[in-house]
Structures are given as structure tokens and as C-alpha cells.
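1. Below are the sequence and a predicted model for it; my questions follow.
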Amino acid sequence: MGRPKDSGRLDLRDVFVRVQEQMLAQLAVDNIFEHASSLGAATELQWIALFNQYLPQRYRASRAFIIDAHGRRSRQIDIAVYDNLYSPLLFPHDAGFHIPAESVYAVFEVKQRLTRQLLRDAAVKVASVRRLHRTSVPVIAAGVRRPALALSPILAGVLAVDSVWRGTERRRLPRALQSLRPAGRLDLGCILQECSFERRPRSLLLSHRDESLIFFLLHLLRRLRALGTAPAADLAAYAQSLRSTSLRL
């Protein structure tokens, strides 16, 4: 990236554009060396590394299944952004963490080339997370009992390198997103070589092509901050599956 000039000012846009260029370059290397069957996994790892580098330490990103206190499990999620401070990772597994639904802030699907059908597939996986039961119980903070937090919506999105709509996203992407069912709503997305989007109640914001990554990261950070703190899961509800029914947590 080169040594910054000692001018007392930093061109933030230039920094983020260079980060985007580095990521695209790394993905291009993956395309050369990775077999088609493993390219998707390599791309996921690139995105996970980016999330864990740029998100505040209160968050963590990984591949995961999401579970609830009733024993229901989501489809496998390419990237889950979850609470990194208090989330109990009760079921680690080589195929991916199993994370309580209460700890999840956002879920993302990773694709190489985005199509309308892949958007629909992503929405199905998102819906499998949002349908899960979530609990919330009071906590003790600084010696004071705090009431149970209200449940915030789980954010969802899609990440890709490019799309089949190259050059026509501003016309076709809004229609594709609007066709998704409410449970599979996609709030954010990044098509690295084309644009990023943030979906709002009455509008859809699209980035410039050369600002797709920084647009996505900044809007993701803003949306995560608006969610506040993840609720405390009712561990007693999870413990109901045990034979030791007298267990109290």
C-alpha cells in the first residue's frame, strides 16, 4: 500500500479502495490455484478474514449452524456474525460452530457469481435462521439487575465477486430483491466487481462500482451498531433437553 505521506491528512476513500483492490487480487489468485469444488470455500475464508479484521472485537464471524432451545437447526450458513463476548459456543464441530440463535446479529451467504436463483437460495437459508425461537432473560450488570432485552431483527445479506447482471444491476437487482419473501429479506449485499446495496423500508441504496467494499463495510457497521447488544439466552430453556430436569441455571 506504500508509506503514507506525512501531510496530517489521510484519504480514507483511497485506503478503502486499495483494500478492495487487494481483496479482488487475492480472490483472483484463488481462482487460479483453487479447484472449482474448493473455490467457494476459499472465497468464504477470504470474507470471514475480512470481517474478523474490520469488525469490532465484540463481534466474531465464522461458518456456522444456528440452533434454538427447541433443538431446531438452521441450514448451514456461510458466514454468521455473532456475539464474541458472551455467546456460549456449546456445540463446536469441524463442519462449523453451532451457535445459539440469541447470539446472532447477522448471516451472509457467499457466492462466486450472483444470479436471481442464487438470491432465492440465499433467502431460503436466511429464512431458516429467522424462523428459529429466541429467548431473552434479565442479566446482572455492575451489580444491578437489568431487564431482558427486546429481540432485534437478524440482519441478512449476500456476498459475491460478480453477477450475471454485469452493468445492469441498477435495473435488475432491485426487482430481484423485491421478489423475495419477507422471512428471506436481504438487507445488505456486496458484489465486489459491480456494486453494494443496502435495503431500507422505502428505498434501495446502491454504491458506485469502485466503492463497493467500503460502502458495504460502513453500512454493515452502522446496522450492527443499531442492533445494540445481543440478548442473554435462557440457558435453562436449552437445558430442558437434559434428563437432569432439576438443573437450574
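-> Arrived safely.

2. pLDDT-wise, which helix or strand of the chain ranks last?
-> helix 12-33 (a mean of 74; mean pLDDT, DSSP states H and E).

3. which outside residues touch that one?
-> Applying Cβ atoms under 8 Å, 6 or more residues apart in numbering, the external contacts of helix 12-33 come out as 1, 39, 42-43, 46, 50, 161, 192-193, 210-214, 217. The C-beta positions use only the backbone N, C-alpha and C, and glycine is treated the same way.

4. In the chain, mark out all the strands, start to finish.
-> 59-67, 77-83, 97-100, 104-114, 139-141, 144-146, 155-163, 188-191, 195-200, 203-206 (DSSP state E).

5. Between these, which has the poorest mean confidence score?
-> With a mean of 83, strand 139-141 has the lowest mean pLDDT of those.

6. before we move on, back to that, among the contacts of helix 12-33, which one lies nearest to residue 172?
-> residue 193 (15.4 Å; Cβ to Cβ).

7. check contacts around the closest one.
-> 24, 161-162, 166, 209, 212.

8. Kindly recompute the last result at 10 Å.
-> Residues near residue 193 by Cβ atoms under 10 Å, 6 or more residues apart in numbering: 20, 24, 27, 113, 160-163, 166, 209-210, 212.

9. picking up where we left off before, just the strands of the chain: most buried one?
-> The highest mean neighbour count among the strands of the chain, using mean count of other Cβ atoms under 10 Å, belongs to strand 188-191: a mean of 26.

10. that older thread, pipe the contacts of residue 193 into JSON lines and attach distance to residue 136 per row.
-> JSON lines is the format used below for the contacts of residue 193 (distance: Cβ to Cβ, whole Å):
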{"residue": "20", "distance to residue 136": "37"}
{"residue": "24", "distance to residue 136": "40"}
{"residue": "27", "distance to residue 136": "39"}
{"residue": "113", "distance to residue 136": "39"}
{"residue": "160", "distance to residue 136": "34"}
{"residue": "161", "distance to residue 136": "37"}
{"residue": "162", "distance to residue 136": "40"}
{"residue": "163", "distance to residue 136": "38"}
{"residue": "166", "distance to residue 136": "44"}
{"residue": "209", "distance to residue 136": "41"}
{"residue": "210", "distance to residue 136": "42"}
{"residue": "212", "distance to residue 136": "35"}
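
11. which one among these gets closest to residue 198?
-> Nearest to residue 198, judged by Cβ to Cβ, of the contacts of residue 193 is residue 212 at 11.7 Å.

12. what's across from the nearest residue to the closest one once chain neighbours are set aside in the sheet?
-> In space, and not counting its chain neighbours, residue 212 is closest to residue 196: 4.4 Å by Cβ to Cβ, 6 or more residues apart in numbering. Partner residues in beta bridges with residue 196, using DSSP bridges, are residue 190.

13. mind checking how far residue 196 is from residue 207?
-> 4 Å (Cβ to Cβ, to the nearest Å).

14. Show me the common contact partners of these two, please.
-> With Cβ under 10 Å, 6+ apart as the test, residue 196 and residue 207 both reach 190, 213-216, 218-219.

15. Out of these, name the ones that lie in helices.
-> 213-216, 218-219 (DSSP state H).

16. how about these in a markdown table, adding neighbour count and distance to residue 153?
-> Shown next, in a markdown table, are these (neighbours: other Cβ atoms under 10 Å; distance: Cβ to Cβ, whole Å):
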| residue | neighbour count | distance to residue 153 |
| --- | --- | --- |
| 213 | 22 | 24 |
| 214 | 20 | 24 |
| 215 | 21 | 21 |
| 216 | 24 | 19 |
| 218 | 17 | 20 |
| 219 | 19 | 15 |
